[in-house]
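Colleague: need the 3D shape of this:
(one chain, ligands or ions: 1)
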Amino acid sequence: MVKPDFEKKEIEGEVTITCKVVKTENQNFIQIDLQEPLIIDHLILNVKTKLKFEQKGNVCQIDLEDNKFELNSKFKLHFIYHGKPREAIRAPWDGGWVWSKDKLGRPFVSVACQGLGASSWYPCKDYQGDEPDNGANLTIIVPDSLVAVGNGNLISKVKSQNPKTEQQTTLNTQPQTVYTWYVKNPINNYNIIPSIGNYINISDTFQGEKGILDLNYWVLDYNKEKAEEQFQQVKPMLKAFEYWFGPYPFYEDGYKLVEAPHLGMEHQSAIAYGNNYMNGYRGRDLSGSGWGLKWDFIIIHESGHEWFANSITTKDIADMWVHEGFTNYSEVLFTDFFYGKEAGNDYCYGLRKNIANDKPIIGVYGVNNEGSGDMYYKASNMIHGIRNALNDDEKFRQMLRKMNQVFYHQTVTTQQIEQFLIEETGLDLQKTFDQYLRTTQIPTLEYYFKGRRLFTRFTNCIDDFTMPITILPKAKTITPITKWKKNRLNKKNKEWFTKEHIERLYLLNLVNVPKP
Ligand SMILES: [Zn+2]
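Modeller: Here you go, the predicted model:
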C-alpha cells in the first residue's frame, strides 16, 4: 500500500512480503533493502510478533534470533514505513518518484526505478534473480479527483473514510479513494509501479494465440482522442510479436498502456507511455532509415520487453543485453513483418551509427553494474548476424518462440541464453558471443580472390574467432577463421560478395587485401 502526499513529495506505505525458507543454516538475520532516507516505523512477523531490526544505509537487518523456521515453511514480514523517496530528475534514466503536473496543473505522478531498484521506494529483496513467484498486490490511496493505476487487474476501488470534516479544498483533505491492483504472474520488483493522474480508460480486446486478451489504455482525460488514434498500433504490434515470439506472456494480467510523466518503461502489464502520441522516438528515427518513423517507438520497444525483460529476466543486470538486444531486435522484426525483410535490414543497419564500442556489453557481476549501452544496437546487430548465418528465417522464428517457452517467466544468465542459441542454431557461436558481448573490437574480414577461389581471414578479433557468413542469393555459407582459408564460390556467389552486402548483414569490416 502506498499513499503519496503530493505537496510534501512524501509517501506513507505498508508492505507485506511472504517469504519461503529455502535453507535452514544462518537463520539469525535476514536482509531486506530500503534506500535512504526512507524510515521503517514498524516490522511485524506473521501479523503478531514485533521484530527487532536495524536500518543501516540502504539495508535493513532483521533479527530472527528468537524465531526458527522449518525448511519450506512460510512466514510474512509486514513493514510500515514512510519518508521522502528519491525524486527522479531525468526519469526514466535516473530513477525515483516523478512528481509532475499535467497541462492543466493537476498532479501527474509515477515512479521509474529500473537500474536504481525498487528499494528506492519500498522495502523488498532488491535482486532481479528472485521475483515474487505469485505476483503482487498494489494498493494506492489517492484523493477522489485522481485515478490510480497499477499492474495487472483492478480488483477493488473503494472510497475511504473522509479524513477531515472541514472544507475540502486541498488534495490532502479531499475524500480518498483506495485502488487495489493485482498482478498474478511473477514480476520484477522494478516493474511494480503506481501511476496517478486524471486518467480515463479506453478498453478493447485482441484475439490472440492464447485467446482473448484484454487491452486497457489509461490516458489523461484531454488526450483521449489522440490515444484512440495512436494506440491503434497495439494490435498490429501484438500480431507481429506473437508471430515471432509466441503468445503474449501475461494474458491473465492483460495488456495496458498507461500514460506516464516520462518517456516510457516496460512496466509489466502496465507499460508506461510518454511518447507524446508521435511516431518514432520522440518524433525521431533512431536508424535514420525512415522506417523508424512508421511506428511509435515506445509502443513497439516497451511492449517487446514483455517477452524479453518481463517474461525472460536476467538474474544480474550485467547481462541486460538479453533484455535490450532482443527488444531492440523486436523493432527490426516488427518492421520486417509489416514492411518486408529489406526494410527490417535497413532499419537494423541504420542503428549501427549509435554503437559506441566504449566498453564491453556485459557488465561486472554481483555489483549492480550494467555494461555498455551497446547492449541495444550492437547486441541487436549481433542477433541479426546470427539470423543471417542461420539463413533460415522459419527456423530462426521457431527458435525465438521456443526460447520464450523454455525460459517462460524465468530468470536467466547470459550463459543459458548463449547455450540455447548454440544448440538451437547448430552453429558454433561461442566465439561470436565472446567477441561481441565481451570485447569492444569489431572484427575485420580480410579477403582476396584468386580466380574463383576466395581467400578469407578474420583480424582485429579474439583468438580463434569464427562466424558463419551466408552469401545470398544462392545461400552459400562460408566460415572464415583467423588464418587464411580457401573457399569456393560460384559466379553468382561472387557477385554477391560485396562490401555493401556483407557488411549490411554482419557487424564487421570487409577489407579487400592484396594477394600475399
Ligand atoms: Zn528497453
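
Colleague: can you pull the contacts of the closest residue to residue 107 other than its chain neighbours?
Modeller: Counting by C-beta to C-beta, 6 or more residues apart in numbering, residue 107 lies nearest to residue 6, which is 4.7 Å off, once chain neighbours are set aside. Bear in mind the C-beta positions are built from the backbone N, C-alpha and C, glycine included. Residue 6 sits next to 99, 107, 109, 171 when contact means C-beta atoms under 8 Å, 6 or more residues apart in numbering.

Colleague: could you identify the least confident member of those?
Modeller: Lowest pLDDT of the contacts of residue 6: residue 171, 73.

Colleague: how close does it sit to the ion?
Modeller: For residue 171, the distance to the ion equals 33 Å [C-beta to the ion, to the nearest Å].

Colleague: before we move on, what about residue 132?
Modeller: 22 Å.

Colleague: right, and that residue touches residue 186 too?
Modeller: Yes: if you go by C-beta atoms under 8 Å, residue 132 and residue 186 touch, sitting 6.3 Å apart.

Colleague: and these two? Which one has more around it.
Modeller: Neighbour count, other C-beta atoms under 10 Å: between residue 132 and residue 186, residue 186 has more, with 21 against 17.

Colleague: for the more buried one, give me its contacts.
Modeller: 131, 132, 133, 134, 135, 409.

Colleague: excluding chain neighbours, what is closest to it?
Modeller: Distances taken as C-beta to C-beta, 6+ apart place residue 131 nearest to residue 186, at 4.2 Å, with adjacent residues excluded.

Colleague: what is the burial count for residue 222?
Modeller: 12.

Colleague: residue ranges with poor pLDDT in the stretch 51-200 of the chain?
Modeller: For the stretch 51-200 of the chain, residues meeting the criterion pLDDT under 70 lie at 161-169.

Colleague: quick one: the strands in it?
Modeller: With DSSP state E, counting those that start in this stretch, the ranges of strands along the stretch 51-200 of the chain come out as 53-56, 59-63, 74-83, 96-101, 107-112, 136-143, 147-149, 153-159, 176-183, 195-197, 199-208.

Colleague: let me have these in JSON lines, extended by mean neighbour count and distance to the ion.
Modeller: Output for those, formatted as JSON lines (neighbours: other C-beta atoms under 10 Å; distance: least, C-beta to the ion, whole Å):
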{"stretch": "strand 53-56", "mean neighbour count": "14", "distance to the ion": "33"}
{"stretch": "strand 59-63", "mean neighbour count": "17", "distance to the ion": "28"}
{"stretch": "strand 74-83", "mean neighbour count": "17", "distance to the ion": "30"}
{"stretch": "strand 96-101", "mean neighbour count": "19", "distance to the ion": "18"}
{"stretch": "strand 107-112", "mean neighbour count": "25", "distance to the ion": "12"}
{"stretch": "strand 136-143", "mean neighbour count": "20", "distance to the ion": "22"}
{"stretch": "strand 147-149", "mean neighbour count": "23", "distance to the ion": "21"}
{"stretch": "strand 153-159", "mean neighbour count": "12", "distance to the ion": "25"}
{"stretch": "strand 176-183", "mean neighbour count": "20", "distance to the ion": "20"}
{"stretch": "strand 195-197", "mean neighbour count": "26", "distance to the ion": "18"}
{"stretch": "strand 199-208", "mean neighbour count": "15", "distance to the ion": "22"}
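
Colleague: surely the residue nearest to residue 186 touches residue 189?
Modeller: Yes: taking C-beta under 8 Å as the definition, residue 131 is a contact partner of residue 189 at 7.5 Å.

Colleague: what about the residue nearest to residue 186? Give its phi and psi, please.
Modeller: Note on residue 131: backbone dihedrals following degrees, to the nearest 10 are phi -90, psi 150.

Colleague: dump the helix or strand where residue 329 lies to PDB, restricted to CA.
Modeller: If you go by DSSP states H and E, residue 329 is part of helix 321-339. C-alpha atoms of helix 321-339 as PDB (Å, rounded to 0.1, in the frame of the first residue of the first chain):
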ATOM      1  CA  TRP A 321      21.800  -7.300 -23.300                       C
ATOM      2  CA  VAL A 322      19.300 -10.200 -23.200                       C
ATOM      3  CA  HIS A 323      16.600  -7.600 -22.400                       C
ATOM      4  CA  GLU A 324      17.700  -4.700 -24.600                       C
ATOM      5  CA  GLY A 325      19.400  -6.600 -27.500                       C
ATOM      6  CA  PHE A 326      16.400  -8.800 -28.200                       C
ATOM      7  CA  THR A 327      13.900  -6.000 -27.600                       C
ATOM      8  CA  ASN A 328      15.900  -3.800 -30.000                       C
ATOM      9  CA  TYR A 329      15.700  -6.600 -32.500                       C
ATOM     10  CA  SER A 330      12.000  -6.900 -31.900                       C
ATOM     11  CA  GLU A 331      11.800  -3.400 -33.600                       C
ATOM     12  CA  VAL A 332      13.600  -4.900 -36.600                       C
ATOM     13  CA  LEU A 333      11.200  -7.900 -36.700                       C
ATOM     14  CA  PHE A 334       8.200  -5.600 -36.400                       C
ATOM     15  CA  THR A 335       9.400  -3.600 -39.400                       C
ATOM     16  CA  ASP A 336      10.200  -6.900 -41.200                       C
ATOM     17  CA  PHE A 337       6.600  -8.200 -40.500                       C
ATOM     18  CA  PHE A 338       4.800  -5.200 -42.000                       C
ATOM     19  CA  TYR A 339       7.200  -3.700 -44.500                       C
END
